[in-house]
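Enquirer: show me the folded form of this:
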Amino acid sequence: MVSNYKLDSEDEKILNELDNLCGVFQNKEVLRDIIYYIKLKEKNELDFGNYNIIVRNDSSYNLLNDLLKVCCKIFLKYNIIENAKVCYLDKIVNNRRDCPFDKIIGIEESIIVVNDRKLGIDYNDELDNLRRILNQFNNKVFIFEDTNFCEGETDGELGKLAPFRMTIDKISLDDKIMYCKNTLDEYNIKYKKQDIKTYADVPFWILKNMVIKLLIECKIKNLDFVDKQMLKKNKEFYSKNKPKKRKEKMIKQKKKNAKDELNELIGLNDIKKQMEKILNYVKLNKERGQMPSNSDLNQALICVPEKELYLPDLIYLALFMFAKELNKEDKYFIHCAIVEKNDKAILISGEPGSGKTTLAMYLCMEKGYNFVCNDRAVIGMEKGIPYIYIVVHCKLILELE
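Expert: Prediction:
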């Protein structure tokens, strides 16, 4: 009886592919259980209803794709899926500005990945929708990427929709050492274990490039052994040629004058003409020793050297001045998206790229809300009730030195 459920050599070969994948090799036993489950289901001894998987991803690298490639081989072998294509649902939704689950119809991919963070959803709020699409598309395998690490009732309900669980861990030094050893062993290149530990202590994306260069060098020189000096030289090459951070590049780049930067923008002819008039007016008054300032017209005066003035600076200076005046009235700028329904507003705040605008658009298109803003708003209190205010224009006068 037990022999009926043994894995064959092809199964073991596919599973062994996980041994050389950093951050995911611990899922080998889970995938082995999936194979056993497939065999048991065929004999009507077990039936969980589907082959869906919850993946708790704690890595900043794109390791899920590597894991799914191995899973697809098993699913294809046992005819669970029609093809090895993977659809990342967030990419489709972001491009079409659609509700997350309404465009699965027509998708040919057999594997569908749902990422709660990238879709800007909460699994707890979408359980009914998830049940609906699982029933509607029971010929597909759904991968629920749980980046928020759901707990309690939500985790339990999600577990009913996906019987199997996998994890993707952060890549450790041991993972990187294992990657180097397995890769060198695969190509029959010998090494000393103590040398690999020092060699592998770099970011993983750099390590992969280092190993590729090392393999090429070994093959063209017909070498079957790498010593400490060769590993050190290979590592130093990538240390010296490490890409500079964007921030460092920005510092070294020569900044453009605000006027030149404005003139390079396409269109905006009226604004350019108006700015030219303001600059000429300020220069003329400076020569006369008269700098304009008029509080009745809501004008402000800023003194800055012309050569150190840049277009983004003007924007933030203006916002700072505006915010300072608003603070006197207990009103405040806030970075957020806002939607409104029946004279009641919802303020959506969060880090850049966290999905504020995506969630706001979803509420407007699917839940009947009205769009108010997706960047900044002014909020305040009146008689203990929070209000959102309309932003009015103010003029900015510059003194150039």
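Enquirer: for the longest strand along the chain, buried residues please.
Expert: For the chain, the longest strand by residue count, based on DSSP state E, is strand 376-382. Of the residues in strand 376-382, Ala377, Val378, Ile379 count as buried by neighbour count, 16 or more other Cβ atoms under 10 Å. No exception for glycine: its C-beta is placed from N, CA and C like everyone else's.
Enquirer: so where's the protein uncertain?
Expert: Per-residue confidence for the chain (pLDDT under 70) gives these ranges: 1-4, 94-100, 102-103, 240-275, 277-325, 390-401.
Enquirer: excluding its backbone neighbours, what's nearest Phe25?
Expert: Leu18 (4.7 Å; Cβ to Cβ, 6 or more residues apart in numbering).
Enquirer: just confirm that neighbour is within a strand.
Expert: No: under DSSP: H, G, I helix; E, B strand; the rest coil, Leu18 sits outside any strand and is assigned helix.
Enquirer: excluding chain neighbours, what is closest to Lys181?
Expert: Distances taken as Cβ to Cβ, 6+ apart place Ile196 nearest to Lys181, at 6.2 Å, with adjacent residues excluded.
Enquirer: repeat that for Lys228.
Expert: With Cβ to Cβ, 6+ apart as the measure, Asp195 is the residue that lies nearest to Lys228, at 4.6 Å, once sequence neighbours are left out.
Enquirer: of the buried residues of strand 376-382, which is the nearest to Leu40?
Expert: Nearest to Leu40 among the buried residues of strand 376-382 is Ala377, at 56.1 Å by Cβ to Cβ.
Enquirer: the closest one and Tyr369, how far apart?
Expert: With distances defined as Cβ to Cβ, to the nearest Å, the gap from Ala377 to Tyr369 amounts to 15 Å.
Enquirer: can you check Leu89 too?
Expert: From Leu89 to Tyr369 the distance is 22 Å (Cβ to Cβ).
Enquirer: neighbour count for those two, which is higher?
Expert: Between Leu89 and Tyr369, counted using other Cβ atoms under 10 Å, the more crowded position is Leu89 (24 against 20).
Enquirer: how close does the residue nearest to the more buried one when sequence neighbours are not counted sit to Glu45?
Expert: In space, not counting the residues next to it along the chain, Leu89 is nearest to Val114; the distance is 5.4 Å by Cβ to Cβ, 6+ apart. Look at Val114 and Glu45: by Cβ to Cβ, they are 29 Å apart.
Enquirer: more crowded one of those two?
Expert: For Val114 against Glu45, the residue with the higher neighbour count under other Cβ under 10 Å is Val114, and the figures read 25 against 10.
Enquirer: rewinding a little: quick check: the residue nearest to Leu89 is in a strand.
Expert: Yes: assigned with three-state DSSP, Val114 falls within a strand.
Enquirer: what sits against it?
Expert: Neighbour list for Val114: Leu89, Pro100, Leu130, Phe142, Ile143, Phe144, Glu145 [criterion: Cβ atoms under 8 Å, 6 or more residues apart in numbering].
Enquirer: for Asp11, same thing?
Expert: Taking Cβ under 8 Å, 6+ apart as the definition of contact, the neighbours of Asp11 are Ile35, Ile74, Lys77.
Enquirer: secondary structure element for it?
Expert: Counting by DSSP states H and E, the element that carries Asp11 is helix 9-16.
Enquirer: equivalent analysis for Ile338, please.
Expert: Remark: Ile338 resides in strand 337-341, with elements defined by DSSP H and E.
Enquirer: that strand vs strand 376-382, what angle?
Expert: Computed with axes from the mean of the first three to the mean of the last three Cα atoms, to 10 degrees, the direction of strand 337-341 lies at 60 degrees from that of strand 376-382.
Enquirer: what residues sit buried inside the helix or strand following strand 337-341?
Expert: From strand 337-341 onward toward the C-terminus, using DSSP H and E, the following helix or strand is strand 344-348. Neighbour-count burial for strand 344-348, counted by 16+ other Cβ under 10 Å, picks out Ala345, Ile346, Leu347, Ile348.
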